[in-house]
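Colleague: Structure, please.
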Amino acid sequence: MAMRPEFQSEQFKKGLEVRRAVVGDAYVNKSLDSADDLTAPLQKLVTEYCWGDVWTRPGLERKTRSFLNLAMLIALNRPNELRLHMRGAINNGITKAEIVEVVLQAAIYCGVPASLDAMKAAREVIAEMEKEGPVA
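Modeller: Numbering: from 1, shown residues only. Now for the predicted structure:
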């Protein structure tokens with residue numbers, strides 16, 4: 001993977017390390033490898049500030065950040081990002097049972113349609129990850 005010049009800052013590298021640890025190399029490589037002049041600025045912003053600044057702050061553990069992301073993405077009805085962050089949540093130690101609890105909590109506060117979509121995403125992600133190995 002050839003790195004674009006704008007992807008060379010220390011903050012980018014710091015964020016890239018966390019991003020890879022949470023959502024996995026395959027997703028990150030695909031995102032960065034497909035970056036072009038149009039999309040590279042957004043990849044830089046996301047990697048440096050989301051992953052390199054916020055995700056590395058000492059105030060919350062990664063697992064807690066993952067809980068928050070799941071709840072917010074359910075509330076916002078963002079199924080693609082939700083699937084990605086479910087994988088990240090499991091990588092950060094969230095169990096299948098805890099994902100069910102987040103979805104149930106969201107059903108009350110975000111609505112049944114949002115929770116049904118979230119449970120569908122959870123089923124898909126967990127099934128996919130179980131092909132790779134056991135999921136807690």
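Colleague: So what are the structural domains in this structure, by residue number?
Modeller: The record, using automatic domain parsing to delimit domains, assigns the chain the ranges 9-54, 62-132.
Colleague: for the first one, how far is the first residue from the last?
Modeller: Read that as domain 9-54. 16 Å (Cα to Cα, to the nearest Å).
Colleague: Could you check how many residues crowd around Gly111?
Modeller: Gly111 sits with 14 neighbouring residues when counted by other Cβ atoms under 10 Å. (Each C-beta comes from the backbone N, C-alpha and C, glycine too.)
Colleague: Packed most tightly, which of the domains of the chain would that be?
Modeller: Mean neighbour count (mean count of other Cβ atoms under 10 Å) peaks for domain 62-132 among the domains of the chain, with a mean of 17.
Colleague: now this structure, which segments are flagged as low pLDDT?
Modeller: Scanning the chain for pLDDT under 70 picks out 1-2.
Colleague: center of it - which residue?
Modeller: For the chain, His85 is the residue whose C-alpha lies nearest the centre (Cα atoms, centre = their mean; 2.8 Å).
Colleague: Include distance to Met3 when you put the domains of the chain into TSV, please.
Modeller: Shown next, in TSV, are these (distance: least, Cβ to Cβ, whole Å):
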stretch	distance to Met3
domain 9-54	8
domain 62-132	22
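Colleague: what's downstream of the host helix or strand of Arg83, the next helix or strand?
Modeller: Assigned by DSSP states H and E, Arg83 belongs to helix 79-91. The first helix or strand that comes after helix 79-91 along the chain, using DSSP H and E, is helix 96-110.
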